[in-house]
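Asker: Take this sequence and fold it.
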Amino acid sequence: MTTTTHVGPRPKLLLIGANGQVGWELRRTLASVGEVIAASLEGEYGPTIDLTDPAALARLIEDTQPDALINAAAYTAVDKAESDRATAQRINADAVGEMGALLAKRGTPIIHYSTDFVFSGGLGRSYTEDDTPDPLNVYGETKLGGERALLDSGAKALIFRTSWVYGARGANFLLTMRRLFQEREELRVVDDQIGSPTWSRMLAEITAQVLYRVLRGELDLEQVGGLYNLTGGGQVSWYGFASAILEASGARTNLIPIPSSEYQAPAKRPTFSVLDNRRFQETFGLAMPDWRLSLTQCLEEL
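Answerer: Okay, the predicted model is just below:
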């Protein structure tokens, strides 16, 4: 028998990273699940949280007494992380482990997001949760550290590995392409890196559905907790993704496919980081739509 995690009509949900593109969507979708306490690094929507300060994190959890924590905060500047390892390590790994340790004592569930960049892309097939991570860059290394720290903490945790997240808000590939289409007649885009674009709203909506069932006691995290891949369906290159955005926008920019070797960046990227979502689908009975459908729906808003 599963037991009900929350007792009461409106569970308190502590959302950390509320000003990010996933966090912004979570503020909406989680509102139907419980009372959202939105904390962010800048304090734009609620309390300010400094994830570089362990005491501040402990105070926030003590002050809010959440029934669940959703961590959408991360150091996501992939190239900058190469020269700022300490900050990336602190936010992506150390703070996540501290969240887990604090919540384990309380028996409070936590949902956390990780990345396809924990893999090098050299496997030649879609990655499952059982494949051995081998990140190519500091960002991937620190996100992997966060996964392991949370799993080792003893907390009731769900970790969703996602990829190529985009949306109508924040800094992401979709919005960058739409801006560049207005500024340039020609654009060179990498065509030999393959992944699965994931709409931030779909990620937020599916998170809310899973968390609702956890808080109602329909899902026992002692049994189904752990690591899951959760991305948009299908796969495409950055060039293919850009082409789809261009076609929908009606712009006349000339797109030119290039190899990764022509795109010089401080951080190496995986060449094939598609994630296999079958474990999530079989466990929760939910699936993300194909990336093309999600892109169409997202663009309707823009």
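Asker: which residues of the chain fall in strands?
Answerer: 12-16, 35-39, 68-71, 110-115, 157-162, 165-166, 186-190, 194-195, 198-199, 226-229, 236-237, 254-258 (DSSP state E).
Asker: Identify whichever of these lies nearest to L286.
Answerer: strand 226-229 (10.5 Å; CB to CB). Yep, even glycine has a C-beta here, placed from its N, CA and C like the rest.
Asker: Sheet-wise, list the partners of that closest one with their directions.
Answerer: strand 157-162 (parallel) (DSSP bridges).
Asker: want to throw the strands of the chain into a markdown table with distance to N137, mean neighbour count and mean pLDDT?
Answerer: Conversion of these to a markdown table gives the following (distance: least, CB to CB, whole Å; neighbours: other CB atoms under 10 Å; pLDDT from 0 to 100):
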| stretch | distance to N137 | mean neighbour count | mean pLDDT |
| --- | --- | --- | --- |
| strand 12-16 | 24 | 25 | 97 |
| strand 35-39 | 28 | 21 | 94 |
| strand 68-71 | 21 | 26 | 98 |
| strand 110-115 | 10 | 25 | 98 |
| strand 157-162 | 16 | 24 | 98 |
| strand 165-166 | 17 | 24 | 96 |
| strand 186-190 | 15 | 16 | 96 |
| strand 194-195 | 15 | 21 | 97 |
| strand 198-199 | 19 | 25 | 98 |
| strand 226-229 | 19 | 20 | 98 |
| strand 236-237 | 19 | 19 | 98 |
| strand 254-258 | 20 | 15 | 96 |
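Asker: out of those strands, nearest to T283?
Answerer: strand 226-229 (7.1 Å).
Asker: Can you tell me what sits against that closest one?
Answerer: 114, 127-129, 147, 151, 157-162, 275-277, 279-280, 283 (CB atoms under 8 Å, 6 or more residues apart in numbering).
Asker: wait, what's in contact with the spatially most central residue of the chain?
Answerer: Closest to where the C-alpha atoms of the chain average out (CA atoms, centre = their mean) is Y113, at 4.3 Å. For Y113, the contact set (CB under 8 Å, 6+ apart) comprises 22, 71-72, 74, 159-162, 203.
Asker: how does it look with 7 Å?
Answerer: 22, 72, 160, 162 (CB atoms under 7 Å, 6 or more residues apart in numbering).
Asker: For the last one, give the beta-bridge partners.
Answerer: In this case it means T162. Bridge pairing for T162 - DSSP bridges - gives T115.
Asker: residues touching it, list them.
Answerer: T162 touches 113, 115, 198, 203, 230-231, counting by CB under 7 Å, 6+ apart.
Asker: And for the third one?
Answerer: If a contact means CB under 7 Å, 6+ apart, then F160 has 111, 113, 228, 230 as its contacts.
Asker: For A168, see how far away the third one is.
Answerer: Which is Y228. 25 Å (CB to CB, to the nearest Å).
Asker: Same check on the last one?
Answerer: Distance, L230 to A168, by CB to CB: 20 Å.
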